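Peer 1: sequence and predicted structure are below.
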Amino acid sequence: MLKRSKRPISGCRRAAILERLSSRGRTRSLSENTLHPLETSETPGPPERWIALEDVSLVRSRRLILDGIHWSIAPGTHWVVLGANGSGKTTLLMVLAGYHWPTRGRVTVLGRRFGEIDLRELRKDIGWVGSFLQAQIPSNQKPLDLIVSGRYAAVGRIFQQPTAEDRELAGNLAECLECSNILGSSYGVLSQGEKQRLLIARALMARPRLLILDEPCAGLDLVAREKLLRSLERLGRAPDCPTFVFVTHHLEEIIPVISHVLVLKDGRVLAQGPKDEVLTSPVLSRAFGISIEVARENGRFRAWAAGGAGFFLS
Ligand SMILES: Nc1ncnc2c1ncn2[C@@H]1O[C@H](COP(=O)(O)OP(=O)(O)OP(=O)(O)O)[C@@H](O)[C@H]1O
């Protein structure tokens, strides 16, 4: 029988206990001790079985990185995942895409439950745009070939012969992402914004039902960022568009088409729901550990440190 300690359990100790208990199915009591006031102590009702994480925890190198995550995504919604550096955003996406197997909990993605399906098949329905992909692309690769490569889940050389239909679709996607003008260049000489738009076109080539965007605006200047966001806004409103799950640190990047927000703190869900309910000063101040003000203008949000950079919450 696990004794419940009165003092808060450190992340390291929680990880060790979780590892020990992982085969015994008894971890809920660990998180009850350290609930934040903004969190609910209620277990959410039956999740939507389209995309659902139920009590998901993940331990790596004896560290508890995700802790009791409940999250469900309904068809037709688009999500942003927010949280401070190291809060677990990328790890959560890796679970969603079937690259990390959770230590505990149940995962259902696109109606398919992990443990009952071939994850390689599932990944064909998931597009991923993240920095790790960029490093694998040869600098002499032609943009159209790069877009086509998404159809074959390849990076760099394609082993299948692309069809005329592939090339036509790639051309249409280049137009949709406003990168038709760079198709004659080589990947290596393109700007960061152009590369990102190409990678999104590449991810769409396989007609994914879920599109995961891990900080797609990182490193972009204001104009490049707005151009990319405009493409995403248009894409998100198209019929049959994939569901977006978009990681960012910046509220300014939450475009009108995003309907919901999940906020992580220290590997746990701090808040989740419709963006207007979640993007509030108390939630964001808690998430980032600094007093934050939030404003909404013309369907976009912005945030700033209320007392200047010197005013940190304890
Ligand atoms: N394999 C691993 N072993 C040990 N710790 C890990 C491992 N992978 C990730 N972590 C740790 O887990 C925490 C969450 O990492 P993650 O990359 O998911 O955070 P993040 O919210 O995406 O951060 P950022 O905003 O900086 O990209 C970090 O402290 C990281 O060091």
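Peer 2: Okay, I see it.

Peer 1: could you use CA atoms for every contact and neighbour count after this?
Peer 2: OK.

Peer 1: so what does the strand or helix carrying residue 69 touch, helix or strand wise?
Peer 2: According to DSSP states H and E, residue 69 maps onto strand 63-73. Counting contacts by 3 or more CA pairs under 8 Å, 6 or more residues apart in numbering; DSSP states H and E, strand 63-73 packs against helix 11-21, helix 28-32, strand 51-60, helix 89-96, strand 268-274.

Peer 1: mean pLDDT lowest where, among the ones you listed?
Peer 2: Lowest mean pLDDT within these: helix 28-32, a mean of 29.

Peer 1: mind saving the C-alpha coords of stretch 113-120 as CSV?
Peer 2: C-alpha atoms of stretch 113-120 as CSV (Å, rounded to 0.1, in the frame of the first residue of the first chain):
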residue,chain,number,x,y,z
ARG,A,113,-6.1,3.4,-29.6
PHE,A,114,-2.4,2.9,-28.9
GLY,A,115,-1.6,-0.8,-28.2
GLU,A,116,-4.3,-1.9,-30.7
ILE,A,117,-2.9,-0.5,-33.9
ASP,A,118,0.3,-0.2,-36.0
LEU,A,119,1.7,3.2,-35.1
ARG,A,120,3.5,3.4,-38.5
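
Peer 1: related to what we said a few turns ago, run me through the strand neighbours of the strand holding residue 69, direction for each.
Peer 2: With DSSP bridges as the test, strand 63-73 is paired with strand 51-60 (antiparallel).

Peer 1: tell me the buried residues in the strand it pairs with?
Peer 2: Neighbour counts over strand 51-60 (16 or more other CA atoms under 10 Å) mark 51-59 as buried.

Peer 1: among those, which one lies nearest to the ligand?
Peer 2: When the buried residues of strand 51-60 are compared for distance to the ligand (CA to the nearest ligand atom), residue 59 wins out at 7.9 Å.

Peer 1: I figured that closest one hits residue 65, correct?
Peer 2: Yes - using CA atoms under 8 Å, residue 59 is in contact with residue 65, at 5.7 Å.

Peer 1: what's the overlap in contacts for those two?
Peer 2: Residues touching both residue 59 and residue 65 (CA atoms under 8 Å, 6 or more residues apart in numbering): there are none.

Peer 1: next up, the contacts around residue 189.
Peer 2: Residue 189 neighbours (CA under 8 Å, 6+ apart): residue 139.

Peer 1: how much space between it and residue 263?
Peer 2: 36 Å (CA to CA, to the nearest Å).

Peer 1: mind listing the helices for the stretch 151-300 of the chain?
Peer 2: 164-176, 192-204, 222-236, 275-278, 281-288 (DSSP state H, counting those that start in this stretch).

Peer 1: could you list the buried residues of the last one?
Peer 2: Of the residues in helix 281-288, those buried by neighbour count under the rule 16+ other CA under 10 Å are 281, 283-288.

Peer 1: before we move on, what about the longest one?
Peer 2: For helix 222-236, a neighbour-count test (16+ other CA under 10 Å) marks 224-229, 231-233, 235-236 as buried.

Peer 1: quick one: residue 225 from residue 97, how far?
Peer 2: Applying CA to CA to residue 225 and residue 97 gives a distance of 25 Å.

Peer 1: oh, that last question was meant for residue 292, not what I typed.
Peer 2: Taking CA to CA, one finds residue 292 at 32 Å from residue 97.

Peer 1: for residue 203, same thing?
Peer 2: Counting by CA to CA - residue 203 and residue 97 are separated by 13 Å.

Peer 1: list the contacts for residue 171?
Peer 2: Contacts of residue 171 (CA under 8 Å, 6+ apart): 144, 180.

Peer 1: output the helices of the stretch 151-300 of the chain as CSV; include the columns distance to residue 302 and mean pLDDT.
Peer 2: Output for the helices of the stretch 151-300 of the chain, formatted as CSV (distance: least, CA to CA, whole Å; pLDDT from 0 to 100):
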stretch, distance to residue 302, mean pLDDT
helix 164-176, 27, 92
helix 192-204, 22, 92
helix 222-236, 14, 92
helix 275-278, 12, 96
helix 281-288, 11, 95
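
Peer 1: distance to residue 258 for the ones you listed - can I get that in TSV?
Peer 2: Putting the helices of the stretch 151-300 of the chain into TSV (distance: least, CA to CA, whole Å) gives the following:
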stretch	distance to residue 258
helix 164-176	19
helix 192-204	17
helix 222-236	8
helix 275-278	8
helix 281-288	17
